[in-house]
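[1] here is a sequence with its predicted model. Questions after.
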Amino acid sequence: MTQQQLAGRLFVSRELVSKWECGERLPDRDQIENIARALGTDAEMIADREEIIKEELSACVPEDAAGRDVDVVRLLDGFLAGLRQKDRVIFMRRYHFQQSTKEIAAGCGVKENQIRTVLSRTRKKLKNYLKGRL
């Protein structure tokens with residue numbers, strides 16, 4: 001299957017498929033499941049869930065924070081305590097329980113796009129929170 005054919009089946013650009021193939025970007029969990037279906041394979045053959053989660057959260061950590069001795073649990077607890085309960089639940093379902101945005105949306109009774117928006121905004125808040133503390 002060509003990149004263009006896969007992109008057509010997934011309703012994404014060929015350029016995005018190319019970035020996935022080259023390792024420049026990782027598809028999210030839902031996209032991985034769609035890719036697996038399109039290719040007739042298991043999602044675990046496409047990418048590891050933990051790697052996807054790490055990739056999403058790694059963008060929140062300031063680049064100059066590597067090698068610092070910090071209490072990550074304390075920082076995360078402080079960050080989570082400052083979130084609205086709804087946002088905290090969504091964040092924990094995604095990054096602790098590793099649920100897909102589709103699963104979270106179903107569990108929260110909202111649309112999947114709303115979950116993606118909340119997660120994106122929460123990651124930005126986390127990045128700013130860590131920037132001020134690392």
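    Alright, I've got the coordinates.

[2] going forward, measure contacts and count neighbours with C-alpha atoms only.
    Fine.

[3] so how far does stretch 95-111 reach from one end to the other?
    Stretch 95-111 has its terminal residues 19 Å apart, counting by C-alpha to C-alpha, to the nearest Å.

[4] swap in stretch 93-106?
    End-to-end for stretch 93-106, by C-alpha to C-alpha: 12 Å.

[5] for it, the distance to its chain's centre please.
    Centroid separation for stretch 93-106 versus its chain: 10 Å, with C-alpha atoms, centre = their mean, to the nearest Å.

[6] and it, what's buried?
    For stretch 93-106, the neighbour count (16 or more other C-alpha atoms under 10 Å) marks 93-95, 98-105 as buried.

[7] and what of stretch 3-10?
    6-7.

[8] that stretch: how far from the chain's middle?
    Distance, stretch centre to chain centre, for stretch 3-10: 22 Å (C-alpha atoms, centre = their mean).

[9] what secondary structure does the most centrally placed residue in the chain sit in?
    The centroid of the chain falls nearest to Glu56 when counting by C-alpha atoms, centre = their mean (4.2 Å). What DSSP: H, G, I helix; E, B strand; the rest coil gives for Glu56 is helix.

[10] pLDDT score for it?
    Residue-level confidence at Glu56 comes out at 80, pLDDT.

[11] what packs against the lengthiest helix in the chain?
    Across the chain, the helix with the greatest residue count (assigned by DSSP state H) is helix 112-131. The helices and strands touching helix 112-131, judged by 3 or more C-alpha pairs under 8 Å, 6 or more residues apart in numbering; DSSP states H and E, are helix 72-81, helix 85-95, helix 101-108.
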